[in-house]
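In: Sequence and predicted structure are below.
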Amino acid sequence: MKRLLPVLFLLSALTGFAQNTINNFKYVIVPEKFSFQKELNQYKINILSKNLLAEKGFSSYLDNGDLPQAIASDKCTALQLDILERNTMFSTNLTLVLKDCKGNVVFKGKEGKSREKDFDQAYNLALRDAFKSLEAITYTYTPVATGNSIAAGAPLPATQGASPAAELTATADLVSGTLYAKATGTGYQLIDTSPKIRLTLFKTSAADYFIAENGTEHGITYKKSGSWYFEYYKNNKLITESLQIKF
């Protein structure tokens with residue numbers, strides 16, 4: 001258990017960042033007017049943003065248009081696009097930001113720049129340059145699993161004198177069936193034969209340790225003595241589940 005303490009500390013620091021990725025969202029809402037604009041669709045970058053998002057694979061909508069029922073009934077199913085402006089005397093600089101419904105930044109790209117003097121061209125080129133950060137990453141819509149897809153294991157008892165391996169074997173709950181690992185830009189998705197996403201893994205700086213979540217529980221997945229485990233806290237008790245993973 002002592003070996004897990006650094007990873008648990010890492011989990012507490014990174015959980016807020018790793019809760020969602022752009023892959024968890026199908027929809028993006030584009031404002032008809034960004035904060036730095038003086039009029040609707042100024043420089044035509046709002047429509048351009050919508051089209052560039054659609055080219056990436058998102059279902060994008062202007063916030064003044066007809067929204068699909070999924071967004072109308074729950075705005076948290078969509079990301080919100082924001083474009084930040086930082087202009088200088090010699091260049092137009094724009095940055096792309098995607099936020100969830102709570103205002104958390106899910107993606108922030110590198111600043112796009114243009115030195116064109118014509119405003120329409122400058123904003124168009126700077127926006128396209130800003131979108132290069134989004135174009136560079138892989139996007140595959142993958143809904144977050146709802147409900148507790150993986151059966152909860154028994155809490156670890158306070159066993160004295162037993163080795164960590166013995167405690168783990170005695171308390172780990174074996175998840176039936178092999179989970180197949182599908183690589184993502186941030187780690188892996190563990191998928192069963194239905195197919196259904198059972199667990200999402202996020203890479204850490206430690207080998208064979210991942211931040212993990214199944215839509216309900218958030219914890220870590222790690223490899224010990226050749227076997228994989230998913231650990232998380234539930235009702236202030238540490239739960240350990242055994243996993244069969246095929247990479």
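Out: Nice, I can see it. Numbers count the residues shown, from 1 in each chain.
In: residues touching F210, list them.
Out: 187-188, 201-204, 220-222 (CB atoms under 8 Å, 6 or more residues apart in numbering). Every residue, glycine included, has its C-beta placed from N, CA and C.
In: Show me where this protein has its helices.
Out: 5-18, 45-56, 69-73, 119-135, 164-171 (DSSP state H).
In: Now do the buried residues in the shortest one.
Out: Which is helix 69-73. I71 (16 or more other CB atoms under 10 Å).
In: Quick one: distance of that helix to the chain centre.
Out: 21 Å (CA atoms, centre = their mean, to the nearest Å).
In: Mind giving me the packing neighbours of it?
Out: strand 27-30 (3 or more CB pairs under 8 Å, 6 or more residues apart in numbering; DSSP states H and E).
In: for the record, mean pLDDT for the strand it packs on?
Out: On average, the pLDDT along strand 27-30 is 96.
In: Same question for stretch 118-131.
Out: 96.
In: Next, the residues that contact it from outside, please.
Out: Under CB under 8 Å, 6+ apart, the answer for stretch 118-131 is 42-45, 48-49, 52, 83, 91-96, 109-116.
In: domain parsing for this protein?
Out: 2-20+144-246, 22-135 (automatic domain parsing).
In: hang on, the earlier thing: from the contacts of stretch 118-131, list just the buried residues.
Out: Of these, these count as buried by 16+ other CB under 10 Å: 43, 45, 48-49, 52, 83, 92-96, 109, 111-114.
In: Among the contacts of stretch 118-131, name the ones in strands.
Out: 83, 92-96, 112-114 (DSSP state E).
In: so how far does stretch 205-214 reach from one end to the other?
Out: 21 Å (CA to CA, to the nearest Å).
In: So which bits of that stretch are buried?
Out: 209-214.
In: quick one: least confident of those?
Out: The member of the buried residues of stretch 205-214 with the lowest pLDDT is N214, at 87.
In: I'd say it and K196 touch.
Out: No: the pair N214 / K196 is not scored as a contact, 10.6 Å apart, by CB atoms under 8 Å.
In: Next, count neighbours for T200.
Out: T200: 29 surrounding residues under other CB atoms under 10 Å.
In: One more: T216?
Out: 15.
In: just L98 next, same as before
Out: 21.
In: residues contacting it?
Out: 22, 28, 79-82, 105-108.
In: Nearest to Y141 among those?
Out: I22 (9.0 Å; CB to CB).
In: isn't the closest one right up against A78?
Out: No: counting by CB under 8 Å, I22 does not reach A78; the two are 11.6 Å apart.
In: any idea how far E231 is from T184?
Out: 21 Å (CB to CB, to the nearest Å).
In: okay, these two: which has more neighbours?
Out: E231 (23 against 18).
In: quick one: low-confidence parts of the chain?
Out: 1-20, 144-176 (pLDDT under 70).
In: Any idea how many residues pack against the closest residue to W228 other than its chain neighbours?
Out: Spatial nearest neighbour of W228, chain neighbours left out: L243 (4.2 Å); criterion: CB to CB, 6 or more residues apart in numbering. Residues lying near L243 (other CB under 10 Å) number 21.
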